[in-house]
Every structure is written in C-alpha cells, then in structure tokens.
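Asks: Prediction below, plus the sequence it came from.
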Amino acid sequence: MEETPHIVVIIPAFNEADAIEKVIAKIPAFVEEIIVVSNGSTDATVQNATNAGATVLNEPRKGYGYACLKGLDYIGSKTHKPNIVVFLDGDYSDHPEELTKIIAPIIEKNIDLVIGARVKKLREKGALTPQQIFGNWLATRLMRLFFGAKFSDLGPFRAIRYNALLSLEMEDRTYGWTVEMQLKAIKRKLTYTEVPVSYRNRIGVSKVSGTVKGTIMAGIKILTWIFKYTFKK
C-alpha cells in the first residue's frame, strides 16, 4: 500500500461479557479504533468493552450481519476513514494478536481480502464442531466447483481494504455475512488470499453452532447465497 495503513477492528458481540476484555487486550496497539457492536447483549458486554477502551455501539436487531453493518455505518459517518477493516469474533476463539498476519498480504502485496483459515494443525481440539467442519467443507467445495474459488474456510477473522468492502455493497443481516463477502469478492474480481490462523475453544456457548436451530439456519443461509450467485446472471 502506498498510504500509511489506518486500521479499525469491528467485533460483533452478543453476551460475551466473560471474553470481550480478553479479546480487546490482545489486539495490537497500532489498531486505531476497536469497535464492539453489542448485538442486543443482556449481560455486562457493553460495560466490559467500554472499560477495555473500545468504542461500543448497540444494535438491538439480532444477527451477525446486522452487527457488522452497524459498525460499517459508524465508520461511514466519520470524516477519517480507515484503509483496512478487520472483523474479529468476541468470544476469544480467535487469536487477536495474529491480526498482523491477517493484514500483511494487504499491506505488502496490495491484496483486497484476506481470510484467516482455521487449519487443523493450528486448531485446538473441539474448537470447531463437526457440523462447522462439514459446513465449511461443503460451502468452500461448492464455491470451488461453481466459481473456481480457492477458499478453504469461511473464517470470521478477516481483513479487507475499506474501499473494496464498500464496493461489495454488503446486505446480509444474519448468518450469511461471511459467505456473501467471499462470493461477492469472487464475482467482482477482487484479489484474495488465506493465511493460516490459530483457533481455540471459545469462552461460553456458541449462539450459532451451539444450538440445533442456529446450525440449521446458518447452513440454509450459506447454501442460499451460494446457489443465488450460481444462477445469477
């Protein structure tokens, strides 16, 4: 990148009071702003994130995409815009200090989108449920089959150039946010890559993979996006 990178992090969080301070504390100091979007939390997520130094927004409408879009609306309202936006979960399953690995291809090679791939050798046992592993395999296999994509994961820890992100015109409000971003990146011919990242068992119970309903709804949304783009002219 020719310009000095200005980096912000968006963390969607729903009832992550026990984890959010740990996440924020591990984010590298060069990040300009950490934005935690409380997705209708009823515990101490807001207070703990505020105490840890984050900018805290409230999005009462439940859904990962709603939270991410709230963060983007906030960034868009500011005069000073970032060069890079990083998305990171608030449950401490990712290793926030690996943000340097995530942004490196953007800074060094001018890549548009970087996905943190939760590879098996760097993944703590049990950190991904069997349904998550199968879902990732199926989704990325279909993207490879239909679009020639080279993704291996739909990992939430990711970085993208801000202007590239705006060009995607993201719209999904719930479970399809990650796959929508990757599909649109392919369709709009953005450059992308993956970097292997560490992954551990989250603090607390997952609101998606930890429930039968969440798992089914996430699977349906992901497949809907893939088939939507497969047959879209």
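Replies: The structure has been received and is ready for your questions.
Asks: What is the end-to-end distance of stretch 42-57?
Replies: 14 Å (CA to CA, to the nearest Å).
Asks: Can you list the buried residues in it?
Replies: 43-46, 48-49, 52, 54, 56-57 (16 or more other CB atoms under 10 Å). All C-beta atoms are positioned from the backbone trio N, CA, C, and that covers glycine.
Asks: ok now that stretch, how far from the chain's centre?
Replies: Centre-to-centre, stretch 42-57 and its host chain are 19 Å apart (CA atoms, centre = their mean, to the nearest Å).
Asks: ok, now stretch 131-146?
Replies: Offset of stretch 131-146 from its chain centre (CA atoms, centre = their mean): 17 Å.
Asks: buried stuff in that stretch?
Replies: Applying 16+ other CB under 10 Å to stretch 131-146 flags 131-132, 135-136, 139-140, 142-143 as buried.
Asks: in this protein, which spans are helices?
Replies: Remark: helices assigned in the chain by DSSP state H are 20-26, 45-51, 64-76, 99-109, 130-147, 162-168, 177-187, 212-230.
Asks: Which positions in the first one come out as buried?
Replies: By neighbour count with 16+ other CB under 10 Å, helix 20-26 contains the buried residues 20-24.
Asks: so what does that helix touch, helix or strand wise?
Replies: Here helix 20-26 touches strand 7-13, strand 33-38, helix 45-51, going by 3 or more CB pairs under 8 Å, 6 or more residues apart in numbering; DSSP states H and E.
Asks: What backbone torsions are found at the spatially most central residue of the chain?
Replies: By CA atoms, centre = their mean, the mean C-alpha position of the chain lies nearest to P156, the distance being 3.2 Å. When read as degrees, to the nearest 10, the backbone of P156 gives phi -70, psi -20.
Asks: where's it relative to F146, distance?
Replies: 23 Å (CB to CB, to the nearest Å).
Asks: Equivalent analysis for I34, please.
Replies: Applying CB to CB to I34 and F146 gives a distance of 36 Å.
Asks: can you check V179 too?
Replies: Distance of V179 to F146, given as CB to CB: 12 Å.
Asks: which neighbours do these two share?
Replies: Applying CB atoms under 8 Å, 6 or more residues apart in numbering, one finds that V179 and F146 are jointly contacted by I226.
Asks: Now distance to V197 and mean pLDDT too, for the helices of the chain, in JSON lines please.
Replies: As requested, the helices of the chain are exported to JSON lines (distance: least, CB to CB, whole Å; pLDDT from 0 to 100):
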{"stretch": "helix 20-26", "distance to V197": "13", "mean pLDDT": "98"}
{"stretch": "helix 45-51", "distance to V197": "22", "mean pLDDT": "98"}
{"stretch": "helix 64-76", "distance to V197": "19", "mean pLDDT": "97"}
{"stretch": "helix 99-109", "distance to V197": "7", "mean pLDDT": "97"}
{"stretch": "helix 130-147", "distance to V197": "14", "mean pLDDT": "89"}
{"stretch": "helix 162-168", "distance to V197": "20", "mean pLDDT": "98"}
{"stretch": "helix 177-187", "distance to V197": "14", "mean pLDDT": "94"}
{"stretch": "helix 212-230", "distance to V197": "20", "mean pLDDT": "70"}
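Asks: Mind checking those for the one nearest to Y92?
Replies: Across the helices of the chain, Y92 has its closest neighbour in helix 20-26 (5.0 Å, CB to CB).
Asks: ok, now which ones touch the residue nearest to the centre of the chain?
Replies: Residues counted as contacts of P156 (CB under 8 Å, 6+ apart) are 87-89, 94, 116, 178.
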